[in-house]
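**Q** take this sequence and fold it.
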Amino acid sequence: MASPSSDGGSAENVVPTPVKIVVAGGFGAGKTTMVGSVSEIPPLSTEELMTQASDGVDDLTGVETKGTTTVALDFGRITISPHTVLYLFGTPGQDRFWYMWDELARGAIGTVVLVDTRRLDSSFAAIDFFERRKIPFVVAVNCFAEADSYTEDEIRKALAINEGIPMVFIDAREKDQSKLALIRLVRYALSRLTEPAAMSGAGSTA
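**A** Got it, this is the predicted structure:
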């Protein structure tokens with residue numbers, strides 16, 4: 001027998017709200033890995049083998065063993081509640097594919113920006129992109145085993161990230177950790193949406 005939902009209807013009749021989220025970051029930060037770790041469907045990936053054509057084009061400093069690269073996007077889906085389904089769009093990380101970011105970000109409620117501490121400088125472009133467009137984002141530090149450890153304060157100072165932007169430390173290979181980063185983003189994005197309404201309400205009671 002179908003269990004009742006909170007509004008008195010059958011849970012089977014609930015139509016979940018689709019929510020678009022972008023997973024961004026520098027080249028080799030773990031975007032494809034994160035989308036693949038949480039997706040409840042076989043993720044669509046456009047990874048291709050690295051070839052000699054990328055020599056001198058893609059900066060492999062810190063990720064010399066990387067053998068594939070995303071040439072379009074990654075796509076996955078995860079249900080976080082009976083009422084909410086997240087659709088994940090992973091951006092390509094190389095400079096030459098940044099022209100795609102505007103289209104991928106269109107309609108998204110927010111972004112998870114993956115940071116690789118082996119290549120902190122590769123994170124600046126993604127952070128600047130979403131700050132300039134006022135798209136809510138959280139910073140997810142992908143903890144690679146071979147990377148040096150840094151505190152949250154050290155990373156915030158290095159990347160000039162203000163205290164109001166959430167930061168989480170994850171292993172992008174772990175489903176539960178990646179899922180928590182997504183939930184953190186949804187909550188943060190919703191809080192940003194309610195800020196203007198709260199400020200308007202405060203002004204009307206003055």
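**Q** CA only for contacts and neighbour counts going forward, please
**A** Noted.
**Q** now find how far off-centre stretch 166-175 is within its chain.
**A** Centre-to-centre, stretch 166-175 and its host chain are 10 Å apart (CA atoms, centre = their mean, to the nearest Å).
**Q** in it, what's buried?
**A** For stretch 166-175, the neighbour count (16 or more other CA atoms under 10 Å) marks 167-173, 175 as buried.
**Q** average pLDDT for that stretch?
**A** For stretch 166-175, the mean per-residue pLDDT is 97.
**Q** do the same with stretch 19-39
**A** The average of the pLDDT scores along stretch 19-39 is 93.
**Q** ok, back up a step: in strands, which of the buried residues of stretch 166-175 appear?
**A** If you go by DSSP state E, the buried residues of stretch 166-175 have 167-170 in strands.
**Q** okay, these in TSV with distance to residue 187 next?
**A** Converted to TSV, these look like this (distance: CA to CA, whole Å):
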residue	distance to residue 187
167	13
168	13
169	17
170	17
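**Q** what secondary structure does residue 124 sit in?
**A** Put simply, residue 124 is helix when judged by DSSP: H, G, I helix; E, B strand; the rest coil.
**Q** ok, back up a step: let me know the closest of the ones in strands among the buried residues of stretch 166-175 to residue 181.
**A** Distances from residue 181 to those, taken as CA to CA, are shortest for residue 168 (6.7 Å).
**Q** now do the same contact list for that closest one.
**A** The contact partners of residue 168, taken as CA atoms under 8 Å, 6 or more residues apart in numbering, are 138-141, 181.
**Q** if we use 6 Å, what do you get?
**A** Residue 168 makes contacts with residue 140, as judged by CA atoms under 6 Å, 6 or more residues apart in numbering.
**Q** this protein: helices as residue ranges?
**A** Assigned by DSSP state H, the helices in the chain fall at 31-38, 101-105, 124-132, 152-159, 175-204.
**Q** quick check: angle from the last one to helix 31-38?
**A** This points to helix 175-204. For helix 175-204 against helix 31-38, the angle by axes from the mean of the first three to the mean of the last three CA atoms, to 10 degrees is 100 degrees.
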